[in-house]
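Undergrad: please work out how this folds:
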Amino acid sequence: MSTPPGPADALSVLPVGGIGEIAEGDDLAGLLSAAVELRDGDVLVVTSKVVSKAEGRVRTGSREDLLAGEADRTLATRGRTSIVRTHHGLVLAAAGIDASNTDPGTVLLLPVDPDASARRLREGLAAATGRNVAVLVTDTAGRAWRDGQTDIAVGAAGLQVLHDYSGMQDPHGNELAVTAPAVADELAAAADLVKGKLGRRPAAVARGLAALVLPRGEHGPGATALVRAEAHDMFGLGAREAVLAALRGGDRRGFGVPAPAAEVVSVLSSLGAGDAHVRGDGLVEAELSGDDRAQGRLCARLEAAAFALGWHPAGDAARLLVRFERRTP
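TA: Numbers count the residues shown, from 1 in each chain. A predicted model of the protein is given here:
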């Protein structure tokens, strides 16, 4: 494991203005390199809006018109607001489709491949300036459990986007287990403080973090490394949507990896199943009690719970019994 660099002695974040309106086909690297004097080790943070404009991602219509094409699946919906997982794996309101800073009646879609966009921009800046800089492409996102929004990195090139301190010890000798700062997101948020939303400053330069910038020709894993895999997403559906999905069955995405058999037994018992246990063949078996109507209601609850836990009914069982097997991920 490589040792993460220590904290920066100083960090400065400088806005980049004077870019003007961007249109499809514009040389973004040339415009940015002419607007700011870059140094080796700088991190150039660019809003996805201007990248999308340069790449021809402006579309006529509304967010609602374009949402289906940009969403992989919907996590939650409240009124007109939809939180979706995009084809990039990002979880964003309205798939990151932006109706601001664009002509009325048009919207901006995110770049098709933001990491590739960041790599092209980094290479273009190197060719134009001879400097080795990292590039972040950013967008605005909300956070679970928190009001307000912050900018995050949706694309990255030439930067260590994540520092994994697991296995290291703090000054008190405690081992760090899950400490992994998302450096790219922290820089995206810091840059937004000087870019602003209305200042027509689409970029900023973060200076003082040269230790995080990779050598020329090494772009790193990109912001894709910050996307949590669906199988390990503990919040893959909204609360209402999770209940309805469990009752309806079908698409299991959003529920994560199947739960261990012991957890299934515990949940089924808490819902009223009798003598829930794991059989020798790995199936989970539970008794149903009461009259036929009560058994039907209990069985429906158990099947919904098992579905949410990644299990499903295992064929026919004897009367008063219900059996479940682990669903293949």
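
Undergrad: doesn't P313 make contact with L283?
TA: No: with contact defined as CB atoms under 8 Å, L283 does not reach P313; the gap is 10.2 Å. For every residue, glycine as well, the C-beta is placed using N, CA and C.

Undergrad: common neighbours of the two, please.
TA: Residues touching both L283 and P313 by CB atoms under 8 Å, 6 or more residues apart in numbering: R323, F324.

Undergrad: which non-adjacent residue is nearest G274?
TA: E287 (3.7 Å; CB to CB, 6 or more residues apart in numbering).

Undergrad: show the pLDDT at that neighbour.
TA: At E287, the model reports a pLDDT of 87.

Undergrad: what's opposite it in the beta bridge?
TA: G274, L321 (DSSP bridges).

Undergrad: the helices in the protein, which residues?
TA: Applying DSSP state H to the chain gives helices spanning 28-35, 48-54, 63-70, 114-129, 183-195, 239-248, 261-270, 292-308.

Undergrad: redo the ones you listed as TSV? Include mean neighbour count, mean pLDDT and distance to D151.
TA: Conversion of the helices of the chain to TSV gives the following (neighbours: other CB atoms under 10 Å; pLDDT from 0 to 100; distance: least, CB to CB, whole Å):
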stretch	mean neighbour count	mean pLDDT	distance to D151
helix 28-35	19	96	17
helix 48-54	24	96	9
helix 63-70	15	94	19
helix 114-129	21	98	13
helix 183-195	22	95	4
helix 239-248	14	94	27
helix 261-270	17	94	37
helix 292-308	16	89	34
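
Undergrad: quick one on the thing from earlier: the residue nearest to G274 and S269 touch, don't they?
TA: No: using CB under 8 Å, E287 is not in contact with S269; the gap is 10.4 Å.

Undergrad: overlap in contacts of these two?
TA: By CB under 8 Å, 6+ apart, the residues touching both E287 and S269 are A276.

Undergrad: biggest strand in this structure by residues?
TA: Counting by DSSP state E, the longest strand found in the chain is strand 146-157.

Undergrad: between that one and helix 114-129, how big is the angle?
TA: 60 degrees (axes from the mean of the first three to the mean of the last three CA atoms, to 10 degrees).

Undergrad: V50 touches I19, doesn't it?
TA: Yes: counting by CB under 8 Å, V50 does reach I19; the two are 7.0 Å apart.

Undergrad: anything in contact with each of those two?
TA: The contact lists of V50 and I19 share P202, A203, where a contact means CB under 8 Å, 6+ apart.

Undergrad: any weak-confidence spans in the chain?
TA: For the chain, the stretches with pLDDT under 70 are 1-7, 165-169, 175-179, 198-199, 315-322, 329.

Undergrad: which residue sits farthest out from the middle of it?
TA: Largest separation from the mean C-alpha position in the chain: D291, at 47.1 Å (CA atoms, centre = their mean).

Undergrad: any idea how far it is from G196?
TA: 66 Å (CB to CB, to the nearest Å).
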